[in-house]
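Student: show me how the following folds:
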Amino acid sequence: MAAKHSFTFPLSPEQQGVLQAYVRQANLKPTDVPYTTVAADGDGFRLCLYTSGKLVVQGKKAEEWVTFVLEPEILKEARVGYEDVLTPERFEPHMGIDESGKGDFFGPLVIAAVYVDEKIVQAFDRIGVRDSKTITSDAKAEKMAEAILGVVGNRHTVVEIGPRAYNRLYRKIGNVNRLLAWGHARAIENLLETVPGCPRALADQFGPKQRIERALMQKGKGIKLEQKTKAESDPAVAGASIIARARFIAGLRKLGKRYDITMPKGASEKVRETAVELVKQHGPKILPDTVKTHFRTTDQVLEAAGHDRSELPEEDGAS
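Tutor: Residues are numbered from 1 along each chain as shown. Below is the predicted model of the structure:
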């Protein structure tokens, strides 16, 4: 089997401390990576310890460093090469579901589902599929999504909910997590059209799994649904997270082109400034077609532009 060039490990607080001490003592070059407590370059590899406690090691010599340093000195156990023994469920047929855009003011909410089996997981390992949050650029995420689609073919599905539809659903459902559960259920149902024998679906923990189960229709009633924290460590969920992110990026780009403006991700001050400019150019009625209007950011934008919610279309005025 070809050497892997990307590894992800959750570290306990104690292991994080040992890693930090190692980085200080070893001949590694510190580097600046967002959302990390430690990031450094070694000979043929880069390690990034994210604030979540997740360690990502990448590079041509990543496997060598993991095998001869990380495992014996920090993890105190061997994992690489033993995935089939330690986590056999990752190779079993199942689907993973993840989303992108939930915390972004502009653009759609995208939910993706990806089916995997042993051969697909082995292919994912070879191309370095991992949680999309650890991929540092949109271009890399889109390139990785292409590679994933080349492996899974039609054994994936995407539910893209544009701003107008999202706002309509939010008014009807009244809760982000219930809306998310509805989208997860639709993704599961859609993927079961292609892989009707899939026995299990895995998603990140964002609320009671009964919410998804209640939203499932006839095809999905027989599937075993699981939720767990940090589900992105599973290859199917990681693949879904990357496809969802790539589709969100494309949707945001397309929306920006429509209004000749670059729409930033997130809900930062830059996002608010961009939305204020958009309202000044097109009026407050532009918001339901471009943003998630239940965000408090909507009120801030309207106030900064000299408007209020009463000027939104009637069905979008409620917060």
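Student: and residue 225, helix, strand or coil?
Tutor: Following DSSP: H, G, I helix; E, B strand; the rest coil, we place residue 225 in the strand state.
Student: contacting residues around it?
Tutor: Residue 225 sits next to 188, 200-201, 203, 209, 212-213, 216 when contact means CB atoms under 8 Å, 6 or more residues apart in numbering. Yep, even glycine has a C-beta here, placed from its N, CA and C like the rest.
Student: let's go with 7 Å and repeat that
Tutor: Shown in contact with residue 225 (CB atoms under 7 Å, 6 or more residues apart in numbering): 201, 209, 212-213.
Student: cool, residue 275 as well?
Tutor: If a contact means CB under 7 Å, 6+ apart, then residue 275 has 105, 291, 301 as its contacts.
Student: what's the local residue count around the residue nearest to the second one when sequence neighbours are not counted?
Tutor: Closest residue to residue 291 in three dimensions, ignoring its sequence neighbours and counting by CB to CB, 6 or more residues apart in numbering: residue 105, at 5.2 Å. Other residues near residue 105 come to 26 when the count uses other CB atoms under 10 Å.
Student: and for residue 30?
Tutor: When neighbours are defined as other CB under 10 Å, residue 30 has 11 of them.
Student: that one contacts residue 38, correct?
Tutor: No: contact criterion CB atoms under 7 Å: residue 30 and residue 38 do not qualify, at 8.2 Å.
Student: hang on, the earlier thing: among the contacts of residue 225, who's most crowded?
Tutor: Of all the contacts of residue 225, residue 201 has the most neighbours under the rule other CB under 10 Å, reaching 28 neighbours.
Student: is that residue located within a strand, as I assumed?
Tutor: Yes: assessed with three-state DSSP, residue 201 lies in a strand.
Student: now do the helices in the stretch 101-250 of the chain.
Tutor: Listed in chain order, the helices of the stretch 101-250 of the chain (DSSP state H, counting those that start in this stretch) span 118-127, 138-152, 163-173, 176-194, 209-215, 235-258.
Student: how about JSON lines for those helices, with distance to residue 110 and mean pLDDT added?
Tutor: Shown next, in JSON lines, are the helices of the stretch 101-250 of the chain (distance: least, CB to CB, whole Å; pLDDT from 0 to 100):
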{"stretch": "helix 118-127", "distance to residue 110": "20", "mean pLDDT": "90"}
{"stretch": "helix 138-152", "distance to residue 110": "11", "mean pLDDT": "95"}
{"stretch": "helix 163-173", "distance to residue 110": "10", "mean pLDDT": "95"}
{"stretch": "helix 176-194", "distance to residue 110": "9", "mean pLDDT": "93"}
{"stretch": "helix 209-215", "distance to residue 110": "17", "mean pLDDT": "80"}
{"stretch": "helix 235-258", "distance to residue 110": "5", "mean pLDDT": "96"}
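Student: how about CSV for the ones you listed, with distance to residue 297 added?
Tutor: Below are the helices of the stretch 101-250 of the chain laid out as CSV (distance: least, CB to CB, whole Å):
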stretch, distance to residue 297
helix 118-127, 36
helix 138-152, 21
helix 163-173, 13
helix 176-194, 14
helix 209-215, 25
helix 235-258, 15
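Student: domain-wise, how is the chain divided?
Tutor: Using automatic domain parsing, the domain parsing of the chain gives 6-81, 90-255, 267-316.
Student: wait, which of the ones you listed is closest to residue 261?
Tutor: Residue 261 lies closest, by CB to CB, to one member of these: domain 267-316, at 6.1 Å.
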